[in-house]
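Student: below are the sequence and a predicted model for it; my questions follow.
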Amino acid sequence: MISKSNRALLSIGVVGLFLNACLAPDPKVREQASIDPEEAAPVARTAPTVIDPKILADRSFGEAPMLAAEVKAGRLPTVSERLPENPLVVVPIDEIGKYGGKLRRALTGDIVQTTGVYKTISEGLTGFSRPLPTSIELGLAEKVWFEDEHRTAYFKLRKGLRWSDGVPFTVDDILFWYYDTLVDSDARDNPAMPGNWLVDRKPVKMEKVDDLTIKVTSPKPLGRILHATSVDVVALPRHRLQHLHPRYNPNSNYQTFRDSTTNAQMVLNPGMPRLSAWVPVEWYRGQRVVYRRNPYYYKVDTAGNQLPYTDYLEFNVIQDSQVLLLKFINGEIDLFGRYSQIDMYPTLKSEEVKGKFKLRITGPERGNSLYLNWDGPNAALREAFRDLKVRMALSHAINREEINQIVYHGLLDINGYSLLPSSPYFTEEAYRKYSTYEPQLANRLLDEAGYLDTDGDGFRELSDGTVFSIVIDVRVTPSSDVQICELVGDHWKDVGVKVVLNPLLRDLLYPRRENGDFDIHVWALEGPADPLGYMNDWAIMSENGPFWHKKAMVTGQDWFREATESVKAAMTTVDSTALRYHMGRIRDLHSDNVPVIVVGSNYHVWGASTRLGNVPMQNTAADVHRGWGRPVFHEQIFIRE
């Protein structure tokens with residue numbers, strides 16, 4: 001639900017269609033990062049919902065004692081000098097917090113788990129509202145407007161923004177990130193540019209208007225530009241990295257530049273300037289990363305106090321998720337959600353009564369799915385997977401309620417392959433399609449498709465006379481994934497389809513996925529909250545994708561080609577009627593043709609220590625909205641002790 005305060009917001013469903021193509025500057029006394037009281041925790045909100053205009057006029061801001069001491073010692077400018085002219089005002093979830101203390105998190109790895117940190121602390125020109133992504137709001141940019149029928153977008157930065165080392169943040173930092181690390185194929189590790197920044201498979205154009213204003217242009221309407229500026233990192237500290245780039249330093253080389261700008265270097269390395277609430281000050285590889293508050297962070301609460309509230313944010317590396325669970329239960333970790341697993345729910349629920357933490361159950365979120373390989377190595381199996389009756393049969397043969405009770409403890413929403421209820425384009429009919437347990441129907445559909453058991457051994461035969469046998473690639477952890485596949489194997493055996501499980505470590509599973517070397521790959525459904533954020537899984541966007549249909553460019557069925565055209569149209573339209581039409585076509589074409597078999601959508605169990613204040617009761621785990629980390633809203637959480 002969108003806050004009733006007078007905020008500059010954008011509906012996610014109709015991004016770009018606002019105020020006649022103009023997102024107004026931040027209101028001076030009513031800012032955007034809030035939710036309605038009815039969406040917050042049961043505790044009544046006591047924090048002001050607007051900031052006193054006198055605080056902004058007089059620039060009488062509060063600051064953390066540790067920073068005040070540095071100001072007094074002459075090591076830092078005053079807080080009013082450190083904040084931008086128009087700081088972003090955050091309405092706390094419940095109350096005005098207290099300064100001090102350490103917020104304790106955990107990662108199962110540091111270098112391999114940088115995404116968990118990025119989702120926690122990264123800042124964008126815009127951002128999704130929190131804790132629920134019902135809108136897009138201003139961030140580092142204080143104003144956004146469009147021209148030329150939305151083919152041109154302008155972003156105006158807040159005046160006075162600074163990197164954590166005090167150096168001014170300008171459009172040059174954005175252009176450096178875009179042209180010198182993203183567009184420059186030699187500078188990036190990934191061979192392909194992110195699709196968010198492509199129109200007709202070509203990069204959008206960025207130009208500097210002045211130090212605080214950037215212009216983005218495209219041959220078609222920029223229908224998804226604000227999603228891109230809400231998800232992606234949109235700047236790098238040019239002053240810190242330019243000398244490493246061979247374009248500016250002939251004595252450097254691209255390998256040196258790539259090694260110096262990895263995700264780990266940018267988010268974990270002490271001394272790297274950042275725009276986030278905290279900056280890294282200690283990194284003990286494989287053990288711990290410690291972040292200290294950023295003295296130049298650009299947000300304040302509605303009492304005028306510079307955020308964040310906590311002095312430190314610490315990530316301890318705990319490779320075993322069960323050990324991580326125990327440390328959360330024992331009060332050694334404050335927030336537990338990124339690595340929570342459904343089989344942990346009984347333990348968490350039984351321990352919650354001790355009062356050290358409070359559980360949240362949010363969702364439903366994307367659930368485990370069986371990705372059929374439409375271009376797998378077995379020609380006869382490929383033929384079967386491309387038959388709609390076979391896919392319908394395999395879906396109807398699954399007893400999802402049994403899986404719900406045995407594996408999910410009743411926390412599975414039974415559904416098929418479609419958009420989640422959180423999507424503005426959700427329909428109940430599409431969501432439930434082919435998800436009922438009907439083994440008799442499954443048997444009839446397989447018979448009609450011509451897959452019969454001619455030798456009476458209990459298994460049907462493929463068109464080449466071999467046994468209808470499927471190998472399912474599945475992660476060994478969490479163990480619930482294997483349990484689910486064992487049950488699915490039993491269900492499919494009952495309709496004459498043989499299943500062989502292939503449990504693998506993630507490091508072995510993922511290369512098989514990328515190489516197309518699998519029959520069925522089990523993974524959480526990609527993009528059901530917003531398929532345009534995962535267009536490479538929902539459309540034919542490259543010559544070698546999606547991963548489950550690598551030859552779709554040549555052999556893709558008509559329905560998939562039509563869905564692809566709707567994806568492309570939805571990406572470049574700002575017409576609300578057209579957008580709804582195309583999103584509806586994407587939904588229905590995929591749901592009707594069920595290329596991926598979904599087990600269901602599970603609810604997400606996560607928790608927070610009771611020593612924390614301002615922890616939301618709601619959340620989204622959708623990666624496309626930077627869940628689970630960003631919606632937790634770390635910068636306005638405080639320590640009650």
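Tutor: Received it, and whenever you're ready, just let me know what you need.
Student: could you pull out the helices for the stretch 151-300 of the chain?
Tutor: 171-177, 225-231, 238-241, 254-260, 263-268 (DSSP state H, counting those that start in this stretch).
Student: before we move on, what about the stretch 501-641 of the chain?
Tutor: 506-515, 535-538, 552-555, 558-571, 576-593.
Student: buried deepest among those helices, which one?
Tutor: Counting by mean count of other C-beta atoms under 10 Å, helix 535-538 has the highest mean neighbour count of the helices of the stretch 501-641 of the chain, with a mean of 22. Where you see a C-beta, it was placed from the backbone N, CA and C, and this is true even at glycine.
Student: using PDB, write out the CA atom coordinates for that helix.
Tutor: Below are the C-alpha coordinates for helix 535-538, written out as PDB (Å, rounded to 0.1, in the frame of the first residue of the first chain):
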ATOM      1  CA  MET A 535      13.400 -11.400 -19.400                       C
ATOM      2  CA  ASN A 536      16.200 -13.800 -20.400                       C
ATOM      3  CA  ASP A 537      14.100 -16.600 -18.700                       C
ATOM      4  CA  TRP A 538      10.700 -15.500 -20.000                       C
END
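Student: contacts for it next, please.
Tutor: Helix 535-538 is contacted by residues 195, 526-527, 531-532, 541-542, 545-548, 563, 567, 571, 586, 590 when judged by C-beta atoms under 8 Å, 6 or more residues apart in numbering.
Student: farthest-apart pair in those, please.
Tutor: Spatially, the most separated pair among those is Trp548 and Met571, at 20.8 Å (C-beta to C-beta).
Student: from the contacts of helix 535-538, which is closest to Ala44?
Tutor: Gly527 (36.8 Å).
Student: distance check, the residue lying closest to the closest one once chain neighbours are set aside against Glu137.
Tutor: Ranked by C-beta to C-beta, 6 or more residues apart in numbering and with sequence neighbours excluded, the top spatial neighbour of Gly527 is Tyr534, at 3.0 Å. According to C-beta to C-beta, to the nearest Å, Tyr534 and Glu137 sit 22 Å apart.
Student: so those two - more neighbours on which side?
Tutor: The residue with more neighbours, out of Tyr534 and Glu137, is Glu137; 27 against 19, by other C-beta atoms under 10 Å.
Student: just name the shakiest helix or strand of the chain by mean pLDDT.
Tutor: When each helix and strand of the chain is scored by mean pLDDT, DSSP states H and E, strand 9-11 comes last, with a mean of 36.
Student: hang on, the earlier thing: measure the residue nearest to Gly527 to Ser369 for me?
Tutor: From Tyr534 over to Ser369 (counting by C-beta to C-beta), the distance is 12 Å.
Student: now do Ala187
Tutor: 34 Å.
Student: quick one: residues contacting Asp189.
Tutor: Asp189 neighbours (C-beta under 8 Å, 6+ apart): Arg258, Thr262.
Student: rerun that using 10 Å as the cut-off
Tutor: For Asp189, the contact set (C-beta atoms under 10 Å, 6 or more residues apart in numbering) comprises Arg258, Asp259, Thr261, Thr262, Asn263.
Student: also Pro48?
Tutor: Contacts of Pro48 (C-beta under 10 Å, 6+ apart): Val89, Val91, Pro92, Glu95, Ile96, Asp301, Thr302, Ala303, Gly304.
Student: what residues are shared contacts of Tyr534 and Ser369?
Tutor: Leu525, Glu526, Pro528.
Student: can you put those in a markdown table and add distance to Pro246 and neighbour count?
Tutor: Below are the shared contacts of Tyr534 and Ser369 laid out as a markdown table (distance: C-beta to C-beta, whole Å; neighbours: other C-beta atoms under 10 Å):
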| residue | distance to Pro246 | neighbour count |
| --- | --- | --- |
| Leu525 | 41 | 25 |
| Glu526 | 35 | 20 |
| Pro528 | 42 | 30 |
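Student: mind putting these into TSV with distance to Asp413?
Tutor: What follows is these, written out as TSV (distance: C-beta to C-beta, whole Å):
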residue	distance to Asp413
Leu525	12
Glu526	18
Pro528	11
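Student: Glu429: which of these is nearest?
Tutor: Pro528 (15.4 Å).
Student: what's the distance between the closest one and Pro595?
Tutor: Distance from Pro528 to Pro595, by C-beta to C-beta: 13 Å.
Student: same check on Val605?
Tutor: For Val605, the distance to Pro595 equals 29 Å [C-beta to C-beta].
Student: so for the two, which residue has more residues nearby?
Tutor: Pro595 (25 against 21).
Student: thought that one was touching Tyr417?
Tutor: Yes: between Pro595 and Tyr417 there is a contact at 7.3 Å, judged by C-beta atoms under 10 Å.
Student: joint contacts of these two?
Tutor: In contact with both Pro595 and Tyr417: Arg391, using C-beta under 10 Å, 6+ apart.
Student: hang on, Leu103 in a helix?
Tutor: No: under DSSP: H, G, I helix; E, B strand; the rest coil, Leu103 sits outside any helix and is assigned strand.
Student: in contact with it: list those residues for me.
Tutor: Applying C-beta under 10 Å, 6+ apart, the residues near Leu103 are 120, 278, 291, 308-315, 333-335, 609, 612, 632, 634-635, 637-639.
Student: ok, now Tyr284?
Tutor: Asp110, Val290, Asn316, Val317.
Student: again, but for Lys389
Tutor: Ala442, Arg444, Leu445, Leu446, Asp447, Glu448, Ala449, Gly450, Tyr451.
Student: now the strands for the stretch 51-200 of the chain?
Tutor: 88-90, 102-107, 126-128, 135-138, 141-147, 152-157, 198-199 (DSSP state E, counting those that start in this stretch).
Student: low-confidence bits of the stretch 1-150 of the chain, can you list those?
Tutor: 1-43 (pLDDT under 70).
Student: go again with 50.
Tutor: 1-41 (pLDDT under 50).
Student: the chain now?
Tutor: In the chain (pLDDT under 50), the answer is 1-41.
Student: for it, identify the residue most remote from the centre.
Tutor: In the chain, the greatest distance from the average C-alpha position (C-alpha atoms, centre = their mean) is reached by Asp455, at 48.9 Å.
Student: what's the spacing between that residue and Gly465?
Tutor: Asp455 sits 10 Å away from Gly465, going by C-beta to C-beta.
Student: tell me the buried residues in stretch 441-458?
Tutor: Leu441, Ala442, Asn443, Leu445, Leu446, Asp447, Ala449, Tyr451 (16 or more other C-beta atoms under 10 Å).
Student: equivalent analysis for stretch 360-379, please.
Tutor: Buried-residue list, stretch 360-379, by 16+ other C-beta under 10 Å: 360, 362-376, 378.
Student: how far does that stretch stretch from start to finish?
Tutor: End-to-end distance for stretch 360-379: 46 Å, by C-alpha to C-alpha, to the nearest Å.
Student: again, but for stretch 121-137
Tutor: 16 Å.
Student: overlap in contacts of Pro528 and Pro595?
Tutor: Common neighbours of Pro528 and Pro595 (C-beta under 10 Å, 6+ apart) are Tyr417, Trp538.
Student: beta partners of the nearest residue to Gly101 once chain neighbours are set aside?
Tutor: Counting by C-beta to C-beta, 6+ apart, Gly101 lies nearest to Ile639, which is 3.4 Å off, once chain neighbours are set aside. When assigned by DSSP bridges, Ile639 has beta-bridge partners Leu612.
Student: mind checking how far Ile639 is from Gly116?
Tutor: Counting by C-beta to C-beta, the gap from Ile639 to Gly116 is 21 Å.
Student: how many other residues sit next to the closest residue to Ile214 other than its chain neighbours?
Tutor: Leaving aside its sequence neighbours, Ile214 sits nearest to Val171 (C-beta to C-beta, 6+ apart; 4.7 Å). Using other C-beta under 10 Å, Val171 is surrounded by 21 other residues.
Student: I'd say Val171 and Ala235 touch.
Tutor: Yes: with contact defined as C-beta under 10 Å, Val171 and Ala235 form a contacting pair (9.0 Å).
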